[in-house]
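**Student:** no FASTA, just this:
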Ligand code: SF4
């Protein structure tokens, strides 16, 4: 043995022994003669520009409001597009039947929903071949520690298992930015595409929140929803008919090689200065303002947080929680998709600053190479500055849309503040799911007097959400006034979840009622006096009438009654002054 070692060397001998042992174990396990095959991503039919006219882009995963607007934006860019219906329990079961075991709840719902839709097409008479030729599914993808990174594989597996092998799934990487275009691509991810989708999502956020804001107080049942339906249809038509900004032929010729850059800049300037969307939203605001409301209804405000999909979907995926809360007498404060977009930008900035100077293989030049060091510092700063500019532009546009719609929407939470609030409990560098946001939102919305209760919707099997749930125990022990309820959502157990929410809501209702009584007492008014005053002032029954929020007061009715008190006192003072002036003249 010693001779053999000397002849072939220790390392080689170790490799030989390892190979022998592997062979022995594989033979023992029955794998001895297997054909070793390397996994290869399945080859997929592409989606080419020439196929656009007869191919429909399928997509989903948001609310029907966001989806219809995105549909309009895609149609405006020349695509045929169709959102999938909201996933139901049957979709969840289909996802379980054809997908892998042990997935998180949104995976089953969304994957099953696609399969179910395709099965529906087949029932209508299309063959599988025709379906594969005429449709393509388009969804966001990401890498990272949670199962979101596995969605693509899950879609493919379920499609194969359900007989739709070869059906095209196109993944749009969330962090891919503008670099995902391809000259031959059927789906061109260019500035027009991104601006269209972002505008559609922002308008969807704004309209969604305004409707949730007004509906609990409407006097005529269904009036808000009717307005919302019409608003979404109107906005979809606007998205469908608008033409993206283009340089005219003569300036383009004149600019020569700079034509591309000029057009690019022109699109952004046009985005920042155009009132294309805002003027339509102002008309919608006026229509919403026709819905009569009674703000003296005392309702707890419930802030929805949790995992991205579970807190966004409106259906079986979260036990139809929003409508349930409204039926139980709550006002729902929904989570805008805009928060997620600013979070992603913020995380990239954070990553740049954390890894500054740590590029693989790059050595920091010596101190005396001042120019090289300055260039590296400049490159870093310009990358961060671009992202900060993107963040500022996004926030500006988001708030401009909200303001055009009457200013009822809450402003996007500042991501630096969210990081400061969440980090002590949940490391803000931990990616996956909503990261530290779930914790931060709980503290933020409760401490800023924006809700009486926080309801976190956490999908069954969600790793990041389960982690943050552990940290929430520390949060609620530090902030004793917070009413926080995490609810695990799955395809089953709706009654159990609803009854848990009812119990926590009971506490939130008592909190809202107490607050209202205290505010009413502060004004010295009785409820009847307040009602009589509102009955005599039609503008107070309009949803766009601005009621200022008093620090420390959360509820709509409580803030409203304080405002009535102020208004009545101011009117009394005016009357007294004019009476005095009249008697002085006499
Ligand atoms: S965040 Fe949770 S529920 Fe959402 S994809 Fe990741 S693991 Fe699944």
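**Tutor:** Sure thing, it's come through. Quantities reported herein were computed from a predicted structural model and do not represent experimental measurements.
**Student:** contacts and neighbour counts: CA atoms only from here.
**Tutor:** Noted.
**Student:** how far out from the middle of the chain is stretch 409-417?
**Tutor:** A distance of 13 Å separates the C-alpha centroid of stretch 409-417 from that of its chain, computed with CA atoms, centre = their mean, to the nearest Å.
**Student:** Which residues does it contact?
**Tutor:** Residues from elsewhere that reach stretch 409-417 (CA atoms under 8 Å, 6 or more residues apart in numbering): 206, 209, 210, 338, 339, 342, 343, 346, 395, 399, 402, 403.
**Student:** element containing the third one?
**Tutor:** Using DSSP states H and E, residue 210 maps to helix 191-214.
**Student:** Which strands and helices lie in contact with that helix?
**Tutor:** Judged by 3 or more CA pairs under 8 Å, 6 or more residues apart in numbering; DSSP states H and E, the packing partners of helix 191-214 are helix 64-76, helix 223-241, helix 259-273, strand 331-333, helix 337-354, helix 370-404.
**Student:** Partner strands of the fourth one, with direction?
**Tutor:** In the sheet, strand 331-333 lines up against strand 301-306 (parallel) (DSSP bridges).
**Student:** tell me the angle of the strand it pairs with relative to helix 191-214?
**Tutor:** Angle, strand 301-306 to helix 191-214, by axes from the mean of the first three to the mean of the last three CA atoms, to 10 degrees: 140 degrees.
**Student:** Is there contact, residue-wise, from strand 301-306 to the ligand?
**Tutor:** No. Residues of strand 301-306 are not located near the ligand by CA under 6 Å from any ligand atom, the shortest gap being 9.0 Å.
**Student:** starting at the chain centroid, how far to that strand?
**Tutor:** The mean C-alpha position of strand 301-306 is separated from the chain mean by 14 Å, CA atoms, centre = their mean.
**Student:** picking up where we left off before, spatially, which two of the contacts of stretch 409-417 are the most separated?
**Tutor:** Across the contacts of stretch 409-417, no pair lies farther apart than 210 and 346, at 26.3 Å, counting by CA to CA.
**Student:** which of these two has more neighbours?
**Tutor:** A count of neighbours by other CA atoms under 10 Å puts residue 210 above the other of residue 210 and residue 346, at 26 against 20.
**Student:** Low-confidence stretches in the chain?
**Tutor:** Applying pLDDT under 70 to the chain flags the ranges 1-8, 32-44, 142-145, 173-184, 249-253, 360-361.
**Student:** coming back round to it: what's next to the helix holding residue 210, contact-wise?
**Tutor:** Helix 191-214 has contacts (CA under 8 Å, 6+ apart) with 65-66, 69-70, 73-74, 77, 178, 224-225, 228, 232, 239, 244, 264, 267, 293, 331-334, 336-338, 398, 401-402, 405, 408-409, 543.
**Student:** and that helix, which residues are buried?
**Tutor:** Buried residues in helix 191-214, counted by 16 or more other CA atoms under 10 Å: 191-193, 195-214.
**Student:** So how do I select the buried members of the contacts of helix 191-214 in ChimeraX?
**Tutor:** The buried subset of the contacts of helix 191-214, as determined by 16+ other CA under 10 Å, is captured in ChimeraX by this line:
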select :65,66,69,70,73,74,77,224,228,232,239,244,264,267,293,331,332,333,334,336,337,338,398,401,402,405,408,409,543
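**Student:** count of neighbours near residue 16?
**Tutor:** A count of nearby residues for residue 16, using other CA under 10 Å, gives 12.
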